[in-house]
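Enquirer: Fold the following.
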Amino acid sequence: MAAGSALLALPGAVALSPPPAAGPDNPPVVDIARPSPSAVDQGVALDTPPSQPVPGRLVIDAIGLDAVIEPVELTDDGSLAPPESASRVGWFSQSSRPGELGPAVFVGHLDSVNGPAVFARLRDLVVGDVLRVGGVGGSSASYVVSAVERYPRQSFPTEGVYGATPESSLRLITCGGPFERDTGYADNVVVTATAVGG
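Expert: Okay, the predicted model is just below:
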């Protein structure tokens, strides 16, 4: 990809202009997601006390990933802001917590001006690979990959990714497909995983 940007294209994304260079005061630029209100509303009710701890670490041995998770939220314009750090995974704090019913939604960068980022090898996962999510406080939940899919950014299945599920599941999202300097990545890679025994 062209140096100077790390773009994560998600549903309803607005392509941002890449910065001249990334650094501590100039983090990688990201295309940001706008989950539909109906998709968010179908998730865990915000007035229901959480039954599981906030996720703190994601481990995927199959692709050599061991990363810190930080909560990410919607911005004032209704967009989902991924982590500024290319080495961290963002957990959408209005989605389920791992171990609860419904999808826990995670986002991460594919690459950065310094090279591969946290989800650089997400597309290499295959059905049957195991993911482990560690909760703050020491708990752990295991998931098995059930699908690895790529969608054009303009036809991202928002309801399918953010909407309710009858079991505890994960959605891991990053960018993919061809890259254009002015518009970013054309596609999104979405990994779906279901709780072991769920």
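
Enquirer: okay, the most centrally placed residue in the chain: pLDDT?
Expert: Centrality entry for the chain: nearest residue to the mean C-alpha point is Val107, 1.6 Å, by CA atoms, centre = their mean. Val107 is assigned 93 on the pLDDT scale.

Enquirer: now it, which residues is it bridged with?
Expert: For Val107, the beta-bridge partners are Gly90, Ile173 (DSSP bridges).

Enquirer: next one: the one 4 residues further on
Expert: Beta-bridge partners of Asp111, counted by DSSP bridges, are Pro116.

Enquirer: Number of residues surrounding it?
Expert: By the measure other CB atoms under 10 Å, the count of residues near Asp111 is 23. Every C-beta, even on glycine, is put in place using the N, C-alpha and C of the backbone.

Enquirer: how far away is it from Val126?
Expert: Asp111 sits 21 Å away from Val126, going by CB to CB, to the nearest Å.

Enquirer: again with Pro157
Expert: For Pro157, the distance to Val126 - CB to CB - is 21 Å.

Enquirer: So between these two, which is more surrounded?
Expert: Pro157 (14 against 9).

Enquirer: quick one: that one and Gly163 touch, right?
Expert: No - using CB atoms under 8 Å, Pro157 is not in contact with Gly163; the gap is 9.1 Å.
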